[in-house]
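[1] task: produce atomic coordinates for the following.
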Amino acid sequence: MNLSQTDAQQPQPLSAAPATPCGGRGVVACLVILAVLCIDQALKVYVKTHFWLHESYEVTPWWQILFTENRGMAFGMDFIGTAPLAIFRVAAVAGFVYLLLRAIASRLPMGFIVCMAMIIAGAAGNIIDNLFYGLIFTESSEFAAPAELVAFGEGYGRMFEGRVVDMFYFPLFTWPDWVPLVGGRVFFNAIFNFADASIDCGAAAMLLFYHKTLGRVMGNGTKQETEEHEEQTVASSEA
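    Okay, the predicted model is just below:
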């Protein structure tokens, strides 16, 4: 990510309608999305087919590969149905793709384009789990062999019933017992996947380095529509 192209750069006015992605920004966005999806799915398929559920492998004392599944919330949270989450994600990705196309057409900073591509790719990676993993994998279990890839439609569930695979766990340290409220608990006990990390890193970098650009992107549509309406009104009155 070229962080030298931050909000200090003055981009062209944001286009009102998306254009076909072309040039360096469009190519970079496509490559980022493809790379994130390939890495995310490769990791998930490997863990799903080689680990028992809740099996862990210690990489370092503060980093483990710990296989868990959830219905689709980030960082292993699980308190809402799979289908509503998948539908929400599809709608969110569609909205971000529209904004990405507008940003590319308007030649906004390359770093901003990369951040948006990372968010889109991360959300799409978890959508793939929700949509298809229930159709193509057998059930993961703590007591049986790891899951297997099966013929389409012969998995453990239906479309929208797939569970998201998580595996990254960083138990950095345990709070001392005397610390109020959190004593004895592990600091940062969330379990997440590569797609979650892509979303969070993209969003964090966008807010830190491109918050002004983001404000223009989010607010430009309404402003531009108003200006176009005023121009049409003036043109009609002159006619």
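
[2] what strand or helix carries Val165?
    Here Val165, judged by DSSP states H and E, is contained in strand 164-169.

[3] revised request: answer the last question for Thr68.
    Counting by DSSP H and E, the element that carries Thr68 is strand 63-70.

[4] tell me the helix or strand right after that strand.
    Later in the chain than strand 63-70, the nearest helix or strand by DSSP H and E is helix 82-105.

[5] my guess is Ser198 contacts Met118, does it?
    Yes - the pair Ser198 / Met118 is scored as a contact, 4.7 Å apart, by Cβ atoms under 8 Å. Bear in mind the C-beta positions are built from the backbone N, C-alpha and C, glycine included.

[6] show me what counts as buried in the strand holding Thr68.
    64-70 (16 or more other Cβ atoms under 10 Å).

[7] nearest to Val32, out of those: which one, please.
    When the buried residues of strand 63-70 are ranked by distance to Val32 (Cβ to Cβ), Ile65 comes first, at 24.4 Å.

[8] how about that closest one, nearest residue that isn't a chain neighbour?
    Leaving aside its chain neighbours, Ile65 sits nearest to Tyr57 (4.4 Å; criterion: Cβ to Cβ, 6 or more residues apart in numbering).

[9] which SS state does that neighbour fall under?
    Of the three states, Tyr57 takes strand under DSSP: H, G, I helix; E, B strand; the rest coil.

[10] flag the shaky bits of this structure, pLDDT-wise.
    For the chain, applying pLDDT under 70 flags the ranges 1-22, 72-83, 220-239.

[11] Cys201 against Met118, yeah?
    Yes - contact criterion Cβ under 8 Å: Cys201 and Met118 qualify, at 6.3 Å.

[12] and these two? which has more neighbours close in?
    A count of neighbours by other Cβ atoms under 10 Å puts Met118 above the other of Cys201 and Met118, at 26 against 15.

[13] wait, the more buried one touches Ala197, no?
    No - Met118 is not in contact with Ala197 according to Cβ under 8 Å; the separation is 9.2 Å.

[14] please report how far the most centrally placed residue in the chain lies from Phe96.
    For the chain, the residue nearest the mean C-alpha position is Gly122 (2.4 Å; Cα atoms, centre = their mean). Computed as Cβ to Cβ, to the nearest Å, the Gly122 to Phe96 distance reads 10 Å.
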